[in-house]
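1. following is a predicted model, sequence given first.
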Amino acid sequence: MKFNRQSLALLLIGAAFGAILAVVTMTLANQTRPAAIIIQPPAFTATPAETPTPEPIRVYVSGAVVLPGVYDLAAEAIVQDVIEAAGGFSAEAQVDLINLAQPLVNGMQINVPDDSETVRAQVAPVFSVPDSPAGNPNDGNGALAIVNINTANVGELDTLPGIGPSTAQKIVDYRDENGPFTSIEMILNVSGIGEAKFEQIAPFITIGP
């Protein structure tokens, strides 16, 4: 009887241990598995189009300034900027005759009169206009003639203030691809011509009769 009781006790212990092991195994099997980690690539962002950089302008300042000469300036520069580049007014400059807020254009000359001059007149800008194959559009009096942007060639367009050969060629290319301009404002569609440059050339361009 003693041997049988021990055997029975061992059987009971073994059965209990097996039951516990089974419960633990089922509990572990039923645990929720962690969700898979999904890596999302960043959303595609379009690269913004580059804004054309306005071409610099070259202006000659002479007369009563500290350092007369030719200066390269930003396209939106005004007379005050070129005076500062030239070291400022000299002591004898007639400052009141100069409009410091006047916008500059490529090839302009600013002459600052001194107090030895007897004629106190507003100093007008002088444009340096190169010759073109179709003839010089300069009217002979130091002023620019009106250029028809629907018929002008590259050489004629190059005479406009602030318009270099490359921009002149872009105007011709745009006209060939899209037809004649129906308004002078349409020239803003040409690459490299922004609001500031349009304001410089607007008084000197036309689309014709």
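-> Here it is on my side, so go on.
2. who's in contact with I205?
-> For I205, the contact set (C-beta atoms under 8 Å, 6 or more residues apart in numbering) comprises 146-149, 160, 184, 187. C-betas here are computed from N, CA, C, even on glycine.
3. hmm, 10 Å instead?
-> 144, 146-150, 152, 157, 160, 163, 171, 181, 184, 187, 198 (C-beta atoms under 10 Å, 6 or more residues apart in numbering).
4. can I have the buried ones of the residues you listed as a PyMOL selection?
-> Buried residues within those, by 16 or more other C-beta atoms under 10 Å, are selected in PyMOL with:
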select buried, resi 144+147+148+149+152+157+160+163+171+181+184+187+198
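5. closest to A15 out of the contacts of I205?
-> Nearest to A15 among those: F198, at 97.4 Å, using C-beta to C-beta.
6. can you tell me the closest non-neighbouring residue to the closest one?
-> Leaving aside its chain neighbours, F198 sits nearest to L188 (5.6 Å; criterion: C-beta to C-beta, 6 or more residues apart in numbering).
7. what would stretch 91-105 look like as CSV? C-alpha coordinates only.
-> What follows is stretch 91-105 as a C-alpha-only set of coordinates in CSV (Å, rounded to 0.1, in the frame of the first residue of the first chain):
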residue,chain,number,x,y,z
ALA,A,91,32.7,118.6,-53.1
GLU,A,92,31.8,120.7,-56.1
ALA,A,93,29.0,118.4,-57.3
GLN,A,94,25.6,120.0,-58.1
VAL,A,95,23.7,117.3,-56.2
ASP,A,96,20.3,118.9,-56.6
LEU,A,97,20.5,118.3,-60.4
ILE,A,98,20.7,114.5,-60.0
ASN,A,99,17.6,112.3,-59.5
LEU,A,100,19.1,109.6,-57.3
ALA,A,101,15.9,107.4,-57.6
GLN,A,102,16.1,107.1,-61.4
PRO,A,103,16.4,103.5,-62.6
LEU,A,104,19.5,102.6,-64.5
VAL,A,105,19.7,100.8,-67.9
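8. all good on my end, thank you.
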